[in-house]
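# fold the following, please.
(one chain, ligands or ions: 2)
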Amino acid sequence: MLVLISLLLVVTAACSPSPPPVAAPSPYKLSGPLVSSATNMVTAWYLPKNPLTDRSLDNSKLSQDIKWGFRLFTNTPHEAPQFAPSKMSCNNCHLNAGQRERSLPLVGVAGMFPEYNRRSARLYSLNDRIVDCFLRSENATGGVEDELPSTTSPEVLALSAYLTWLARGSEVGKNPPWRGQNVIEASNLIPVEKLDPRRGEALFMEHCTNCHGEDGQGVAIGDKKPGPLWGPDSWNDGAGAARIYTLAGIIRYAMPYLDPGRLTDEEAQQIAAFVNSKPRPQYPFKHQDYRTEKLPPDSVYYRK
Ligand code: HEC
Ligand code: HEC
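Ligands and ions are numbered 1, 2, ... in the order given. Down below sits the predicted model:
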């Protein structure tokens, strides 16, 4: 592991400041339009589509917003501090700026909206979805100012411009095959009450602390730093990642960073149970969720 980390530091030193422009054709293995999930830290900065270096983007307002949307996505607390009091970037969960396989990729996803949202029991536009990630994953409701993101906030519009750009050429209404792949098979789900956060903690100490720290707050590796997994700077308890099976699906296929796919379904769920047994900011509007649809069994923070 130490060897890998030092290798990583060499690689990142050579790569900073990030993200570096990478010219096509790709030196790395791609899976369709995405960075393959079977890659390693060397590809951590690789972006099949990078608006900052894409010559087809001009100086129009739209092009500028696509570029700002990309910067918002990859450095959210810096670009939108009022909406991201957490220390989370969109990129922490949607790796490679949303262009990595099995890491909640967002390529081609814009064409699937509007879509029914179970939590709110209504149709969601892409902008609604982005607002929700701000309110919950970015804990926008925990800010010192009263301002909350809306579907017409400039930041939301810019992120929408970037994600819609990532869907150029995709068929509207056709579900991309790489969508929804961070899911553990239903037959392998362990009932939440049978999961043991202490077992999850032991696995976390074994597989995760090199980069996430024993305190879960994230260790800087070159210019990459994972977002805090719990505590006041993490996603709030109304976020998708605050659900045990949803988080387990991220961990199972996207982590550990250098060797994703190494954990078993069970291990990923034990670790997710541990991470989501920890304190995190409270989403103040939980009572408005799941008023029509049934509360999912893994929404543990809604049951307390
Ligand atoms: C803490 C991790 C996390 C962070 C940070 C995060 N997201 Fe997400 N995002 C998720 C999860 C988990 C889902 C899937 C939720 C589910 O299963 O319903 C998701 C779903 C989405 C979707 C819908 C994808 C689809 O296929 O329908 C979009 C769009 C999105 N996120 C955008 C963003 C943007 C923009 C940001 C930053 C403002 C962001 N996310 C930050 C975890 C995160
Ligand atoms: C080699 C370093 C490394 C290891 C080991 C590692 N991670 Fe990560 N992890 C990262 C990095 C880096 C990110 C952020 C990626 C980015 O922003 O591009 C991340 C992101 C995450 C995220 C998204 C949310 C957040 O807070 O950033 C979760 C969840 C996560 N890791 C869980 C785990 C778990 C659980 C393990 C152990 C099984 C693990 N990781 C092992 C480096 C690592």
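
# measure how buried the residue nearest to Ser277 when sequence neighbours are not counted is and give me the count.
Leaving out its chain neighbours, the residue that sits closest to Ser277 by C-beta to C-beta, 6 or more residues apart in numbering is Pro197, at 4.1 Å. (Glycine included, C-beta is placed from N, CA and C.) Counted by other C-beta atoms under 10 Å, the residues lying close to Pro197 total 17.

# correct me if wrong: Pro197 contacts Ala273.
Yes: contact criterion C-beta atoms under 8 Å: Pro197 and Ala273 qualify, at 5.1 Å.

# middle-most residue in the protein, spatially?
By C-alpha atoms, centre = their mean, the mean C-alpha position of the chain lies nearest to Cys93, the distance being 1.8 Å.

# test my guess that it contacts Leu104.
Yes: counting by C-beta under 8 Å, Cys93 touches Leu104, with 5.8 Å between them.

# okay, and the common contacts of the two?
Counting by C-beta atoms under 8 Å, 6 or more residues apart in numbering, the common neighbours of Cys93 and Leu104 are Ile250.

# rewinding a little: quick one: residues contacting the residue nearest to the centre of the chain.
Cys93 neighbours (C-beta under 8 Å, 6+ apart): Ser103, Leu104, Ser137, Gly227, Ala241, Ile250.

# does the third one really touch Met88, like I thought?
Yes: distance between Ser137 and Met88: 6.1 Å, which falls inside the contact criterion (C-beta under 8 Å).

# joint contacts of those two?
Joint contacts of Ser137 and Met88 (C-beta under 8 Å, 6+ apart) are Trp235.

# for ligand 2, see how far away Asp259 is.
As judged by C-beta to the nearest ligand atom, to the nearest Å, Asp259 and ligand 2 stand 8 Å apart.

# repeat for Ile244
Counting by C-beta to the nearest ligand atom, the gap from Ile244 to ligand 2 is 12 Å.

# just Glu214 next, same as before
Following C-beta to the nearest ligand atom, the distance that separates Glu214 from ligand 2 is 12 Å.

# isn't that residue right next to Glu201, touching?
No: counting by C-beta under 8 Å, Glu214 stays clear of Glu201, with 9.8 Å between them.

# between these two, point out the one with more neighbours.
The neighbour comparison of Glu214 against Glu201 (other C-beta under 10 Å) goes to Glu201, with 18 against 11.

# who touches the more buried one in this structure?
With C-beta under 8 Å, 6+ apart, Glu201 has these contacts: Phe274.

# doesn't it fall inside a helix?
Yes: remark: Glu201 belongs to a helix, assigned using DSSP: H, G, I helix; E, B strand; the rest coil.

# return the residues of this structure in contact with ligand 1.
Residues of the chain lying close to ligand 1 by C-beta under 6 Å from any ligand atom are 73, 76, 88, 90, 92-94, 104, 106, 109, 129-130, 133-134, 137-138, 159, 163, 179, 235, 239-241, 246.
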